[in-house]
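Chemist: Model the structure of this input:
(chains A and B)
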Protein chains: 2
Amino acid sequence: MSDFLSNKAKSIEPYTPGEQPKDKKYIKLNTNESPYPPSNAVKKIITESNFDDLRLYPDPNVSDLKKEISKFYNINEKNIFIGNGSDEILAFSFMAFFNKGDKIYYPNITYSFYSVYSKLFDLKEVQIPLKDDFTIDINDYKNLNSGIFIANPNAPTGLLLSLSQIEEIASTNKNHIIVIDEAYIDFGGESAYKLTEKYNNLLVIQTFSKSRALAGMRLGFAIGNEYLIQGLKNIKYSFNSYTINRLSILAGIEAMKDKAYFEESVNKVINTREKTKVILKELGFIVPDSKSNFLFISHKNKFAEDIYIKLREEGILVRYFKTRLIDNYIRVTIGTDEEMNIFIEKIKEIIK
Amino acid sequence: MSDFLSNKAKSIEPYTPGEQPKDKKYIKLNTNESPYPPSNAVKKIITESNFDDLRLYPDPNVSDLKKEISKFYNINEKNIFIGNGSDEILAFSFMAFFNKGDKIYYPNITYSFYSVYSKLFDLKEVQIPLKDDFTIDINDYKNLNSGIFIANPNAPTGLLLSLSQIEEIASTNKNHIIVIDEAYIDFGGESAYKLTEKYNNLLVIQTFSKSRALAGMRLGFAIGNEYLIQGLKNIKYSFNSYTINRLSILAGIEAMKDKAYFEESVNKVINTREKTKVILKELGFIVPDSKSNFLFISHKNKFAEDIYIKLREEGILVRYFKTRLIDNYIRVTIGTDEEMNIFIEKIKEIIK
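Modeler: As a prediction, this is how the structure comes out:
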């Protein structure tokens, strides 16, 4: 019998998304979703929309959502690309900015999907080690000889580079693409979108799945020089012309418009995060100074995997990566204050 | 200045989706959408759904929709793959079943996206000429030495292969993947999903964008042997874990459940198509015997491009491909009876 599958389909080890179990109701602190619902305006616009129009293809250019993003950031629509989640934009970026066999640089501890993409598209990944405290030494990223991907804040550490550090990387690699993956930037960082006008090698990617509470609707966007955006478009229109459905477009527009609600939700997450940091340190956890909507923590005398398993038994899901260097850490999404109180109570029992 | 874009992003000529103009209200007969709205149950389930849950990622496996499809076709869920439109599944198929440099066979006149995918993924396309009457000679597809893509009914001709003809192709190419793209099968053909149990080399792809009136929600599915489905999954989870949003899943479930409405809409389209065929023939058009929701027509003494342009001026959009062999044809989606009456009136004036 013939095999049918390509070498890639047979050999690749796919990214493993966080669990979405249906067996019982969990406190879900494992996939960095917002603990707060999306803006009420999302429900309103969708329920009042013309459902008959769902028979028609959506606008492949997603112009109406681009318009709202361009207003929010005061940038031009031609500098925006919209994708089906930031993952789709990352995948298109690997295709748009790299040829087979090219080198690609990123930290050895970061969003693990980058490594999957490198293998999928036959690139030579070069993983640059973080320092022992999980920080990025930006000197390691100056004057490299190929493109760079940086998650900022980094995942799963939550540690942030400043805008001036990002600028140093962009300015010392002017001939290579620098992709800044800002999935968590709204929780305490400063977006590098401001630098994209000055640096035509800089592409910034954001998502609606975290700070805008729309993980369920699959929306992400990129901001960059028009030429880079055209590259992404050429790939997208050669892959799937209509990746964004009509109702996701409506949801994204309202989430972008409702700035007050967005800021309120983000601030609540930040406050809860800072309170939780203090308590976890008092309980003997190592707590890197996350600027994201999660904490990456390790206990001085309890194994992370044991904590993960026990929390799961207690109905609390967190994320555990059985990966060298970080296998004694768990990643805990910031929930509501109530959820975090329960989490803390359970953690206290587990480490007792 | 460095270039940043990959060779592919620079050189590829993307697929051109049909126009979705916003300048005025057109009678839209250019992108093969359903002229009828989706089932009322779609609106009901979405407006009554829990919008707070949009903060959460969707089920990446899309199990609930698989369940409905498995009921509809009386097949196992493990033989189903769900994608963001059938185009996404086609793209994943090119990655899952072919290695760089492999040959891939399809008709010289067919869905033009296949050729774009071949270039995107560095395959050697072999275009097999249709006969002069645009029919496929299945003898050309026996005992080939690599995978085959067939749109059935074919696009943009609308011409159908019978189930036994598909079986002849599958049975004479047992060592190679055969992908049957059944975007239009519900309008008069017999789906080859029935053969997928017998032929483990056969993958059938369908869409919710035509007969199920949900082009705006982006849903497609594939049916095949579990091993082929696993290949698609390996690629999908290495590309974008969550390509189907929560509301599209709900919409798909209800569209699949409402079999009575589905059959009613499809039958209306078929009736309108058959009436339109007769009239167009009387008007001097060549009208291949389409079994899809569109007609591919050529007039004996008016240039197709002129007809296309004049119809557009009159507020009617049809599709015109400036492509060798078919550049004297226009593709006309079947609309409602009212829309087709207007179309016929305008056509009569144009060919006068």
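Chemist: neighbouring contacts of stretch A:114-125?
Modeler: A:8, A:12-15, A:90-91, A:94-95, A:98, A:100-106, A:127, A:149, B:95, B:235, B:238-239 (Cβ atoms under 8 Å, 6 or more residues apart in numbering or on different chains). Where C-beta positions appear, they are placed from N, C-alpha and C, glycine not excepted.
Chemist: so how far is that stretch off the chain centroid?
Modeler: 18 Å (Cα atoms, centre = their mean, to the nearest Å).
Chemist: now do the same end-to-end measure for it.
Modeler: One end of stretch A:114-125 sits 9 Å from the other (Cα to Cα, to the nearest Å).
Chemist: Find the nearest non-adjacent residue to A:A222, please.
Modeler: A:F81 (4.3 Å; Cβ to Cβ, 6 or more residues apart in numbering or on different chains).
Chemist: To clarify, my last question referred to A:S209.
Modeler: Distances taken as Cβ to Cβ, 6+ apart place A:A215 nearest to A:S209, at 3.8 Å, with adjacent residues excluded.
Chemist: Name all residues that make contact with that neighbour.
Modeler: Counting by Cβ under 8 Å, 6+ apart, A:A215 has contacts A:T31, A:E33, A:S34, A:F208, A:S209, B:L54, B:R55, B:L56, B:Y57, B:P58, B:Y242.
Chemist: Mind doing that once more with 10 Å?
Modeler: Taking Cβ atoms under 10 Å, 6 or more residues apart in numbering or on different chains, we find A:A215 in contact with A:31-34, A:38, A:85, A:207-209, B:53-58, B:242, B:245-246.
Chemist: if we can go back for a sec, could I have the PyMOL command that selects the buried members from the contacts of stretch A:114-125?
Modeler: The buried subset of those, as determined by 16 or more other Cβ atoms under 10 Å in any protein chain shown, is captured in PyMOL by this line:
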select buried, (chain A and resi 8+12+14+15+90+91+94+95+98+102+103+104+105+106+149) or (chain B and resi 95+235+238+239)
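Chemist: Next step: the contacts of stretch A:114-125 restricted to strands.
Modeler: A:K103, A:I104, A:Y105, A:Y106, A:Q127, A:F149 (DSSP state E).
Chemist: Including pLDDT, could those go into a markdown table?
Modeler: Below are those laid out as a markdown table (pLDDT from 0 to 100):
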| residue | pLDDT |
| --- | --- |
| A:K103 | 98 |
| A:I104 | 98 |
| A:Y105 | 98 |
| A:Y106 | 98 |
| A:Q127 | 98 |
| A:F149 | 98 |
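Chemist: Make CSV from the residues you listed and add distance to chain B to it.
Modeler: Shown next, in CSV, are the ones in strands among the contacts of stretch A:114-125 (distance: Cβ to the nearest Cβ, whole Å):
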residue, distance to chain B
A:K103, 13
A:I104, 12
A:Y105, 15
A:Y106, 17
A:Q127, 18
A:F149, 14
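Chemist: Could you report the pLDDT at the closest residue to A:L5 other than its chain neighbours?
Modeler: Sequence neighbours aside, B:G231 is the residue nearest to A:L5 in space, at 4.3 Å (criterion: Cβ to Cβ, 6+ apart). Here, the pLDDT recorded for B:G231 equals 98.
Chemist: B:G231 should be in a helix, yeah?
Modeler: Yes: counting by DSSP: H, G, I helix; E, B strand; the rest coil, B:G231 is part of a helix.
Chemist: Could you measure from the residue in the stretch 201-350 of chain A positioned nearest to chain B over to B:D181?
Modeler: Closest to chain B within the stretch 201-350 of chain A is A:Y237: 3.3 Å, counting by Cβ to the nearest Cβ. According to Cβ to Cβ, to the nearest Å, A:Y237 and B:D181 sit 19 Å apart.
Chemist: And for A:I104?
Modeler: Taking Cβ to Cβ, one finds A:I104 at 34 Å from B:D181.
Chemist: got the residues of the stretch 251-352 of chain A near chain B?
Modeler: A:A251, A:A255, A:S265 (Cβ under 10 Å from any Cβ of the partner chain).
Chemist: Pull the number of nearby residues for the last one.
Modeler: Think A:S265. By other Cβ atoms under 10 Å in any protein chain shown, the residues close to A:S265 number 23.
Chemist: just to revisit the earlier point, these two touch, right, the residue nearest to A:L5 and B:N200?
Modeler: No: the pair B:G231 / B:N200 is not scored as a contact, 11.7 Å apart, by Cβ atoms under 10 Å.
Chemist: Which one's more surrounded, those two?
Modeler: B:G231 (27 against 18).
Chemist: My read is that A:K198 contacts A:A170, right?
Modeler: Yes: contact criterion Cβ under 10 Å: A:K198 and A:A170 qualify, at 8.2 Å.
Chemist: in a strand, that's where A:F296 is, yeah?
Modeler: Yes: A:F296: assigned to a strand according to three-state DSSP.
Chemist: ok, now which ones touch it?
Modeler: A:109, A:134, A:154-159, A:286-288, A:290, A:304, A:319, A:321, A:326, A:329-332 are the contacts of A:F296 under Cβ under 10 Å, 6+ apart.
Chemist: And A:L325, by the same measure?
Modeler: A:N108, A:I109, A:P129, A:L130, A:D132, A:F134.
Chemist: what does A:N293 give?
Modeler: A:32-35, A:153, A:158, A:183-184, A:186-188, A:210-211, A:265-266, A:269-270, A:272-273, A:333-335.
Chemist: how about the helices of the stretch 51-200 of chain A, start to end?
Modeler: Remark: helices assigned in the stretch 51-200 of chain A by DSSP state H, counting those that start in this stretch are A:63-73, A:85-97, A:113-120, A:163-171.
Chemist: how about a markdown table for those, with mean pLDDT added?
Modeler: Below are the helices of the stretch 51-200 of chain A laid out as a markdown table (pLDDT from 0 to 100):
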| stretch | mean pLDDT |
| --- | --- |
| helix A:63-73 | 98 |
| helix A:85-97 | 98 |
| helix A:113-120 | 97 |
| helix A:163-171 | 98 |
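Chemist: could you point out which element follows the helix or strand where A:K268 lies?
Modeler: According to DSSP states H and E, A:K268 maps onto helix A:259-282. Proceeding N to C from helix A:259-282, the next assigned helix or strand is strand A:285-286, under DSSP H and E.
Chemist: Got phi/psi on the residue nearest to A:L163 when sequence neighbours are not counted?
Modeler: Using Cβ to Cβ, 6+ apart and skipping residues adjacent in sequence, the residue nearest A:L163 is A:E190, 4.6 Å away. Dihedral pair for A:E190: phi -110, psi 120, per degrees, to the nearest 10.
Chemist: ditto for A:I351
Modeler: phi -90, psi 0.
Chemist: Okay, it and A:L280: tell me how far apart.
Modeler: In terms of Cβ to Cβ, A:I351 sits 10 Å off from A:L280.
Chemist: what residues are shared contacts of these two?
Modeler: A:H299.
Chemist: neighbour-wise, which of the two wins?
Modeler: A:L280 (20 against 16).
Chemist: Run a quick neighbour tally on the closest residue to that one other than its chain neighbours.
Modeler: Counting by Cβ to Cβ, 6+ apart, A:V287 is the residue found nearest to A:L280 once chain neighbours are left out, at 5.1 Å. Residue neighbour count, defined by other Cβ under 10 Å, stands at 18 for A:V287.
Chemist: Show the contacting residues for A:V287.
Modeler: A:V287 neighbours (Cβ under 10 Å, 6+ apart): A:G158, A:T276, A:K277, A:V278, A:I279, A:L280, A:K281, A:L295, A:F296, A:I297, A:S298, A:V332.
Chemist: Repeat the analysis, applying 6 Å as the threshold.
Modeler: A:K277, A:L280, A:K281, A:L295, A:I297 (Cβ atoms under 6 Å, 6 or more residues apart in numbering or on different chains).
Chemist: Would you format those residues as TSV with distance to B:D64 included?
Modeler: Below are the contacts of A:V287 laid out as TSV (distance: Cβ to Cβ, whole Å):
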residue	distance to B:D64
A:K277	38
A:L280	37
A:K281	42
A:L295	32
A:I297	34
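Chemist: Pull out the buried residues from those residues.
Modeler: Looks like the contacts of A:V287 have A:K277, A:L280, A:L295, A:I297 buried, using 16+ other Cβ under 10 Å.
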